[in-house]
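Asks: Structure for this input, please:
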Amino acid sequence: MVPPAPVHTATLGNGIPLRLQALTGRETVALALWWRAGRADEEAGEIGAAHLLEHLVCEAVDPDVLARAGGLFNGQSGREWTVWHALVPADAAPEMLRALVHALLAPLPGAARIAQEAQVTDPEIQAAASADAWESLALLTRFGGEHPLCRPLAVRPEVDRMGLARFRARLLRGDRLMITAAGAIDTATLGAAAGALESLPTGASPVHGFPAPLPDRPVCGRLPGAAGAGALWLLPFETIMSEAVCGVADLLAHPLLGRLPRALRSGPHPVYAFDSRLEWVGGMGLWWLRIDDACAGPLLEAEIDRVLAGGWSDAELTRARALRRARQAIEADDPMALLERLAGLRPEARAAWPSAGDMRAALTACWGRRCRMTAEGPGEA
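Replies: Alright, predicted model coming up:
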């Protein structure tokens, strides 16, 4: 593997970091503006503010600039971050960043325009509502109480212009912003393009995180009957275990190489719809496993118990290492993966492959604190 290019960090006058990675042989720049403001930060009268502001900033970007940049621009909002990202020709990167900063700082549109954009979010919300409802209930069951990071994401905005202005005024601060860029970059030019952000105030502002350490005991919860006959497992882990958990997830749950999909397809009730996903949020890793068929739940749990008892074969470990090397090569050309790593939202891959013992310890820790959600009701964990 070719070692990754070094990451260079510059700062604006008020301390906003620019994390930049120069990549040789590129004629493009992937760039992103990260704002640490999401669903967890919304207060009364601000429901859906982060998602709506993500849309409004996208709409406020100068269309002429976007056309010259190539049109590969989008935004996302989540539990704790809102981000706008673009892949542009290198010579268009400064203008694109300048236009994005201008859109972020621009006055809010009128109430009618805000209400119209709130309706535009409906298809996204409807598409994500089912899976999001499962996940928010699992987070609440695992972490308890009304933790802000457990709030459902797929909510229709219930915020007016005054609420949007309040949300933005409270959270649009220099200590909550970060710029990342990778490709044929020019540090000085990009820094100058973001110069308008230097007018923002700074200061220590609290951010949300999940409570740690987690109790090493499983819990169960119930999904609404309308959720269907399926099951969802939430397996939390400390970020220091990320590399080992990534290896375990490939060995167990890769759709073509993992043990679990093969076991589920060969069971008494063959199952194809099985989803495994890793997420890093609130200073913690979250491993999600979901099966749409409730009959397959005991089979999945039995297979994990067998792995914990017997480990993996040499052939499985060899395939997993090959998959890791291939994925690293692919992600080196994946703009969003590069930007997430530069922002610290995705852990850096280590040079050494985690040992079988490390992966078994990681699976033991994850499985020992699992949260199992079923539509049928609480059962044995």
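
Asks: give me the low-pLDDT residue ranges for the stretch 1-150 of the chain?
Replies: Regions of the stretch 1-150 of the chain meeting the criterion pLDDT under 70 cover residues 1-4.

Asks: Can you list the residue ranges for strands in it?
Replies: With DSSP state E, counting those that start in this stretch, the ranges of strands along the stretch 1-150 of the chain come out as 7-11, 17-22, 28-35, 73-77, 82-89.

Asks: Pipe the ones you listed into TSV and attach mean neighbour count per row.
Replies: C-beta: built from backbone N, CA, C; applies to glycine. Below are the strands of the stretch 1-150 of the chain laid out as TSV (neighbours: other Cβ atoms under 10 Å):
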stretch	mean neighbour count
strand 7-11	13
strand 17-22	20
strand 28-35	25
strand 73-77	18
strand 82-89	23
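
Asks: got JSON lines for these, with distance to Gly48 too?
Replies: Converted to JSON lines, these look like this (distance: least, Cβ to Cβ, whole Å):
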{"stretch": "strand 7-11", "distance to Gly48": "32"}
{"stretch": "strand 17-22", "distance to Gly48": "28"}
{"stretch": "strand 28-35", "distance to Gly48": "16"}
{"stretch": "strand 73-77", "distance to Gly48": "9"}
{"stretch": "strand 82-89", "distance to Gly48": "12"}
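
Asks: Show me the domain layout of the protein.
Replies: When the chain is parsed into structural domains using automatic domain parsing, the resulting residue ranges are 7-121+156-199, 219-374.

Asks: Let me have those in a markdown table, extended by distance to Thr141.
Replies: Rendered in a markdown table, the data for the domains of the chain read as follows (distance: least, Cβ to Cβ, whole Å):
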| stretch | distance to Thr141 |
| --- | --- |
| domain 7-121+156-199 | 16 |
| domain 219-374 | 4 |
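
Asks: which one of these lies closest to Gly144?
Replies: Using Cβ to Cβ as the criterion, the shortest distance between Gly144 and those is 9.1 Å, found for domain 219-374.

Asks: Report the rounded mean pLDDT for the closest one.
Replies: Domain 219-374 shows an average pLDDT of 89 in the prediction.

Asks: Just give the closest residue to Arg319, not the sequence neighbours.
Replies: Distance criterion Cβ to Cβ, 6 or more residues apart in numbering; nearest residue to Arg319, sequence neighbours excluded, is Leu257 at 5.7 Å.

Asks: err, Ala349, not the other one
Replies: If the residues on either side of it in the chain are set aside, Ala349 comes closest to Gln328, at 5.8 Å by Cβ to Cβ, 6+ apart.

Asks: Go ahead and list the helix or strand containing that neighbour.
Replies: Secondary structure assignment for Gln328, by DSSP states H and E: helix 314-331.

Asks: Now do stretch 87-101: distance from first to last residue.
Replies: With Cα to Cα, to the nearest Å as the measure, the ends of stretch 87-101 fall 16 Å from one another.

Asks: Stretch 114-131 too?
Replies: Terminal residues of stretch 114-131 are spaced 27 Å apart (Cα to Cα).

Asks: buried sites along it?
Replies: Of the residues in stretch 114-131, those with enough neighbours to count as buried (16 or more other Cβ atoms under 10 Å) are 114, 117-118, 121, 125, 131.

Asks: from those, which ones fall inside helices?
Replies: Using DSSP state H to define helices, the subset of these located there is 114, 117-118, 125, 131.

Asks: Contact partners for Val248?
Replies: Applying Cβ atoms under 8 Å, 6 or more residues apart in numbering, one finds that Val248 lies in contact with 359, 362-363, 366.

Asks: how about the nearest residue to the most centrally placed residue in the chain, chain neighbours excluded?
Replies: With distances taken as Cα atoms, centre = their mean, the chain has Glu279 as the residue nearest its mean C-alpha position (5.4 Å). Leaving aside its sequence neighbours, Glu279 sits nearest to Leu286 (Cβ to Cβ, 6+ apart; 4.5 Å).

Asks: Could you count how many residues lie near the one you found?
Replies: Neighbours of Leu286 under the rule other Cβ atoms under 10 Å: 23.

Asks: Name the helix or strand for it, please.
Replies: When secondary structure is defined using DSSP H and E, the element that contains Leu286 is strand 284-291.

Asks: Kindly export the following helix or strand past that strand (C-alpha atoms) in CSV.
Replies: Scanning forward in sequence from strand 284-291, with DSSP H and E defining helices and strands, the next element found is helix 297-310. The C-alpha trace of helix 297-310 is given here as CSV (Å, rounded to 0.1, in the frame of the first residue of the first chain):
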residue,chain,number,x,y,z
GLY,A,297,-32.9,-13.8,15.1
PRO,A,298,-32.1,-17.0,17.1
LEU,A,299,-29.9,-18.2,14.2
LEU,A,300,-27.9,-15.0,14.1
GLU,A,301,-27.4,-15.1,17.9
ALA,A,302,-26.3,-18.8,17.8
GLU,A,303,-23.8,-18.1,15.0
ILE,A,304,-22.2,-15.2,17.0
ASP,A,305,-22.0,-17.5,20.0
ARG,A,306,-20.2,-20.1,17.9
VAL,A,307,-17.7,-17.5,16.7
LEU,A,308,-17.0,-16.4,20.2
ALA,A,309,-16.4,-20.0,21.2
GLY,A,310,-14.3,-21.1,18.1
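
Asks: picking that back up, what's the spacing between the residue nearest to Ala349 and Gly203?
Replies: Gln328 sits at a distance of 38 Å from Gly203 (criterion: Cβ to Cβ, to the nearest Å).

Asks: just Ala129 next, same as before
Replies: As for Ala129, its distance to Gly203 is 37 Å (criterion: Cβ to Cβ).

Asks: Spit out the contact partners of Asn14.
Replies: For Asn14, the contacting residues are 174, 197-202, taking Cβ under 8 Å, 6+ apart as the criterion.

Asks: How about it, nearest residue that isn't a chain neighbour?
Replies: Counting by Cβ to Cβ, 6+ apart, Gly174 is the residue found nearest to Asn14 once chain neighbours are left out, at 4.2 Å.

Asks: Many thanks, I have nothing further to ask.
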